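Enquirer: Below are the sequence and a predicted model; questions follow.
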Amino acid sequence: MIDKIAPSIADAMAGIQDGATVLIGGFGTAGIPLELIDGLIAQGAKDLTVVNNNAGNGETGLAALLKAGRVRKIICSFPRQVDSQVFDGLYRSGKLELELVPQGNLAERIRAAGAGIGAFFCPTGYGTQLADGRETREIDGKQYVLEYPIHGDVALIKAEAGDRWGNLLYRKAARNFGPVMAMASKKTIATVHEVVELGSFDPEAIVTPGVFVHHVVKVERVATQAGGFKKAA
């Protein structure tokens, strides 16, 4: 019987190696798998390459992973925000390597990994420092830059609901990079707020099929100071 529901985050995170490339879902603070990032910190893997749209906010989530000294390199589109002080300090002191990738290129490089595409040409970045040292080509009178896929050893993503086969549904903008990251990684771990019975999902509505998911962990919604619950981002 296929059952991908992990008893705990610690069980799901077991086996992540030092030096792994970790794809982490999220766009700003929407869809960030905070519980899984905390679990990765507790698990202890280091010298990581992390792929995310941003480079952390405040002192929690991805910023906490950076602050713990576990990340060697980050690949992202928007490393600096008003509260990106952890990234700023590490990068300026030479303790963190940065690969800056335009957002569309980042999404397509991840998607290409999942689709089995060896490389592709993209016009974004041509004529800028991002294209320095890169192969370029003129196609139909337009200049393009060669881009390579971004493969992950593990993907950490946040979904809204899942079943024991690993089929996932997301909530609105929290979907963002989750589906393509799941396809691009050797191992995918997802948190959900609801575990449903098999057959509860309309097959046409499933966004990430269970074939791309290895572990599903149920987590509670975060309580607010007012005593209510935050909706999933």
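Expert: That came through, no problem.

Enquirer: Helix, strand or coil: sort out Leu156 for me.
Expert: strand (DSSP: H, G, I helix; E, B strand; the rest coil).

Enquirer: Surely it touches Leu23?
Expert: Yes: Leu156 is within contact range of Leu23, at 7.2 Å (criterion: Cβ atoms under 8 Å). (Each C-beta comes from the backbone N, C-alpha and C, glycine too.)

Enquirer: which of these two has more neighbours?
Expert: For Leu156 and Leu23, the more surrounded residue by other Cβ atoms under 10 Å is Leu156, and the numbers stand at 32 against 27.

Enquirer: Tell me the secondary structure of the closest residue to the more buried one other than its chain neighbours, please.
Expert: Take Leu156 and drop its neighbours on the chain: the residue closest to it by Cβ to Cβ, 6 or more residues apart in numbering is Leu36, 4.1 Å away. Using three-state DSSP, the structure places Leu36 in helix.

Enquirer: Looks like Leu36 contacts Ile189 (just checking).
Expert: Yes: between Leu36 and Ile189 there is a contact at 6.0 Å, judged by Cβ under 8 Å.

Enquirer: Could you tell me which residues touch both of those two?
Expert: Ala12, Met13, Leu156, Ile157, Val217 (Cβ atoms under 8 Å, 6 or more residues apart in numbering).

Enquirer: tell me the two of these that are most distant?
Expert: Using Cβ to Cβ, these span at most 13.4 Å, a distance reached by Met13 and Ile157.

Enquirer: Can you give me the buried ones in stretch 161-174?
Expert: Ala161, Gly162, Asp163, Arg164, Trp165, Gly166, Asn167, Leu168, Leu169, Tyr170, Arg171, Ala174 (16 or more other Cβ atoms under 10 Å).

Enquirer: still on that earlier bit, reformat the shared contacts of Leu36 and Ile189 into CSV and put distance to Val145 and pLDDT next to each item.
Expert: Putting the shared contacts of Leu36 and Ile189 into CSV (distance: Cβ to Cβ, whole Å; pLDDT from 0 to 100) gives the following:
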residue, distance to Val145, pLDDT
Ala12, 37, 97
Met13, 36, 96
Leu156, 29, 98
Ile157, 28, 98
Val217, 38, 98
